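[1] Generate coordinates for the sequence data below:
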Amino acid sequence: MSQTPGVLIHKDYFNDHLVEIRDSGDYRTLYFPTGTVQSRISLSNPHQLVLPYTRYMLLALLIQPKPQNILIIGIGSGSFVRFFRHHFPRCHIDAVDYSKHIINMARGYFQLPENSKIIVHCDDGYRFLKDYTDIPYDIILIDAFDDQGMAPTIYSDQFFRLCADNLNQNGVVSCNIWSNDNTQLQQIKTLLATHFTDQLFLPVPDRGNKVVLSLPGRVPWPDICLKEKELLKLSRQFDLNFKEIVRVTRQNNMTLAKRIASLMS
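    All right, here's what the predicted structure looks like:
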């Protein structure tokens, strides 16, 4: 990782591979081997979602705007935990990661918040949900990667079934898929479709990430295709470009006729 930019803050080994934490200007970044960005924080604005794919995953907030119970699978630097702690301080968050190593780095270098409403679990996401018996989740965010790629126990038929079983009837599962393998991408979308009624597919512009949102009911298009004034208000509130996110959502999930009709309504 000698070509990785920034000032070295910490280096260690994860899965027998060197990982680094580096500061560059206002940003602190966790790098996996070969310089792959695993997570990033703005030191002056730590609740801001810096990486584009994380912002696209939060299209979920237009579908479930007042979450009370959130599950985060894959903590990374804690980006989603910080975001929801800031914007929804009363909601309950279960944040799950199988790696004590990653959790300790998030605690030590990335301001991972923990309190009576934010519970960090060092556990496999599948095993956690298999034993879960509490109230259903409003939003489930799945972002489970290591330096080898997507976690196989998470991006699986059994895990997605557990997500469906533990989701509120008005809830949404938002899943980050990072793969250049179109066959693998299609397999994951097919697995999700087995357990959920409807889906939204969002290729993140100029990135390798694809985001899939899965719902137990039909996509509530009126909640997504809001007036520009409403989208701008929400964008300012959450520091997310909802206008752009909705444009990508419509472009990739609506027919031309439906897109025209939504603009005219």
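[2] neighbours of Gln187, just the number please.
    Look at Gln187: counted by other C-beta atoms under 10 Å, it has 14 neighbours. Yep, even glycine has a C-beta here, placed from its N, CA and C like the rest.
[3] Mind telling me what element it is part of?
    helix 182-195 (DSSP states H and E).
[4] Now find how far off-centre that helix is within its chain.
    Helix 182-195 sits 17 Å away from the centroid of its parent chain (C-alpha atoms, centre = their mean, to the nearest Å).
[5] what's that helix packed up against?
    Judged by 3 or more C-beta pairs under 8 Å, 6 or more residues apart in numbering; DSSP states H and E, the packing partners of helix 182-195 are helix 157-165, strand 167-178, strand 198-203, strand 209-215.
[6] now with 10 Å?
    strand 149-150, helix 157-165, strand 167-178, strand 198-203, strand 209-215 (3 or more C-beta pairs under 10 Å, 6 or more residues apart in numbering; DSSP states H and E).
[7] check contacts around Val248.
    56, 59, 200-205, 211 (C-beta atoms under 10 Å, 6 or more residues apart in numbering).
[8] Which residues belonging to whichever strand or helix holds Leu141 are considered buried?
    For Leu141, the host element (DSSP H and E) is strand 137-142. By neighbour count on 16 or more other C-beta atoms under 10 Å, the buried set for strand 137-142 is 137-142.
[9] Let me know the angle separating it from strand 167-178.
    Going by axes from the mean of the first three to the mean of the last three C-alpha atoms, to 10 degrees, strand 137-142 is angled at 10 degrees with respect to strand 167-178.
[10] For strand 137-142, output the C-alpha coordinates as CSV.
    Taking C-alpha atoms only, strand 137-142 is exported to CSV below (Å, rounded to 0.1, in the frame of the first residue of the first chain):
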residue,chain,number,x,y,z
TYR,A,137,-36.7,-3.8,12.1
ASP,A,138,-37.8,-0.8,10.1
ILE,A,139,-34.5,-0.6,8.1
ILE,A,140,-31.9,-3.3,7.6
LEU,A,141,-28.6,-2.1,6.0
ILE,A,142,-26.3,-4.8,4.6
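[11] so what strands line up beside that strand?
    Within its sheet, and counting by DSSP bridges, strand 137-142 is paired with strand 69-73 (parallel), strand 167-178 (parallel).
[12] So which of these is the most surrounded?
    strand 69-73 (a mean of 25; mean count of other C-beta atoms under 10 Å).
[13] average pLDDT for that one?
    For strand 69-73, mean pLDDT is 97.
[14] With stretch 225-236 instead?
    Rounded mean pLDDT across stretch 225-236 is 96.
[15] Could you list the buried residues of that stretch?
    225-226, 231, 234.
[16] from those residues, which ones fall inside strands?
    Using DSSP state E, no member of the buried residues of stretch 225-236 falls within strands.
[17] Which pair in those has the greatest spatial separation?
    Farthest pair in the buried residues of stretch 225-236 (C-beta to C-beta) is Cys225 and Leu234. Separation: 12.9 Å.
[18] Overlap of the contact sets of those two?
    Common neighbours of Cys225 and Leu234 (C-beta under 10 Å, 6+ apart) are 62, 246.
[19] Any stretches of the stretch 51-200 of the chain with poor pLDDT?
    For the stretch 51-200 of the chain, the stretches with pLDDT under 70 are 146-152, 179-180.
[20] repeat that for 80
    145-153, 178-182, 184 (pLDDT under 80).
[21] tell me the contacts of Asp138?
    So Asp138 contacts 60, 63-71, 88, 91-92, 167-168, 170-172 (C-beta under 10 Å, 6+ apart).
[22] quick revisit: other residues contacting the helix holding Gln187?
    When contacts are defined by C-beta under 10 Å, 6+ apart, helix 182-195 is touched by residues 149-150, 155-165, 167, 173, 175, 177-179, 181, 199, 201, 203, 210, 212-214, 216.
[23] again, only using 7 Å
    155, 157, 160-161, 164, 177, 179, 199, 210, 212, 214 (C-beta atoms under 7 Å, 6 or more residues apart in numbering).
[24] Let me know the closest of these to Leu8.
    Closest to Leu8, out of all of the contacts of helix 182-195 and judged by C-beta to C-beta, is Ser179, at 29.4 Å.
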